[in-house]
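Asker: here you go, sequence then predicted model.
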Amino acid sequence: MARVSVGIVTHNNQKTIIRTLSSIHEHSPKRHDLEVYVIDNLSDDGTRDLLREHIRKENNFNTIYNKRNIGFAKAHNQILKLVLSDYHVICNPDIFLTNDIFTPLVDFIDRFPDIGIVSPKFYYPDGTLQHLNRRPPNVLDLFLRRVLSGSKEKFFRKRLESYEMMDVGYETSYDVPFLSGAFMFCRTKLLKKNWRVRRAIFFIFRRRRPFKKNPKRRLPYRLLSRSFCTSFLEKNGA
């Protein structure tokens, strides 16, 4: 049984998926077994052909080719039913690892049993830090973030910086109300018992639903500042 599993859902990700899988293979942890599951939601851009060629060369990579596009959340739940790992990673198909981030994430979450999900830092391909941590938003925060830009956005910069937790910074590890869904390192047992990937989490504003090991205690989300990966997002993405 693999100590860590990675779940990736693809749909027309021809441009990024092989680089993502290659980086996972290159930076797989030496002391932790790793198993990768890829579900393709009926891509028609050549993604499936690339997957068949790439996966054929890897023993610990598994693929499922869905006959219809069942959506991002349902496909991840499909993966979750298959995994038997201690820890499971929900990973986007445009993530690029630059080092072994699995080992520090395992070491960190092993030391803190009250932590349910850990996330690394994210960078754009040009090395710019992505501010993906979030405080609980209201309608104004979402409007400013997604609609206003340029000079109008500067007027509300302090509010936006607070929403993105820039006042706390990204150089230390701390509890985060809302982590990015791009690369979530989760306790598999708790994930299966208490939570299923919900469409609302990823397409509205990633609603928080804390795990509960003890009904009186919450397992918070945590940013681990010493680990990082690159995400191929546009800089004006929400």
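Answerer: Now that the structure is in, tell me what you want to look at. Numbering: from 1, shown residues only.

Asker: what mean pLDDT does the helix or strand where residue 110 lies get?
Answerer: Residue 110 is part of helix 102-111 when elements are defined by DSSP states H and E. In this model, helix 102-111 has an average pLDDT of 93.

Asker: helices or strands next to it in the packing?
Answerer: For helix 102-111, the elements it packs on are strand 87-91, strand 117-123, strand 183-187, strand 221-231, judged by 3 or more C-beta pairs under 8 Å, 6 or more residues apart in numbering; DSSP states H and E. Every C-beta, even on glycine, is put in place using the N, C-alpha and C of the backbone.

Asker: how far off strand 87-91 does the third one point, in degrees?
Answerer: Orientation of strand 183-187 against strand 87-91 (axes from the mean of the first three to the mean of the last three C-alpha atoms, to 10 degrees) gives an angle of 160 degrees.

Asker: and the helix or strand following strand 183-187, what's buried?
Answerer: Once the chain leaves strand 183-187, the next helix or strand it forms, by DSSP H and E, is helix 188-194. If you call a residue buried by 16 or more other C-beta atoms under 10 Å, then helix 188-194 has these buried ones: 188, 190-192.

Asker: which of the residues you listed lies at the shortest distance from residue 73?
Answerer: Distance to residue 73 across the buried residues of helix 188-194 (C-beta to C-beta) is lowest for residue 191, with 13.2 Å.

Asker: so what's the closest one closest to, chain neighbours aside?
Answerer: The shortest distance from residue 191 to any residue other than its chain neighbours is 5.9 Å, reached at residue 88 (C-beta to C-beta, 6 or more residues apart in numbering).

Asker: surely that neighbour and residue 5 touch.
Answerer: Yes - shown here, residue 88 and residue 5 form a contact pair, counting by C-beta atoms under 8 Å, at 4.9 Å.

Asker: ok, back up a step: from the buried residues of helix 188-194, which single one is nearest residue 114?
Answerer: For these, the nearest to residue 114 is residue 190 (11.1 Å; C-beta to C-beta).

Asker: how much space between the closest one and residue 80?
Answerer: 12 Å (C-beta to C-beta, to the nearest Å).

Asker: go on, residue 147?
Answerer: For residue 147, the distance to residue 80 - C-beta to C-beta - is 34 Å.

Asker: neighbour count winner among those two?
Answerer: residue 80 (20 against 10; other C-beta atoms under 10 Å).

Asker: state the pLDDT value of that one.
Answerer: 92.

Asker: so it makes contact with residue 193?
Answerer: No - the pair residue 80 / residue 193 is not scored as a contact, 11.0 Å apart, by C-beta under 8 Å.

Asker: work out the gap between stretch 160-178 and the centre of the chain.
Answerer: 17 Å (C-alpha atoms, centre = their mean, to the nearest Å).

Asker: pLDDT-wise, which helix or strand of the chain ranks last?
Answerer: Least confident helix or strand of the chain, by mean pLDDT, DSSP states H and E, is strand 211-214 with a mean of 38.
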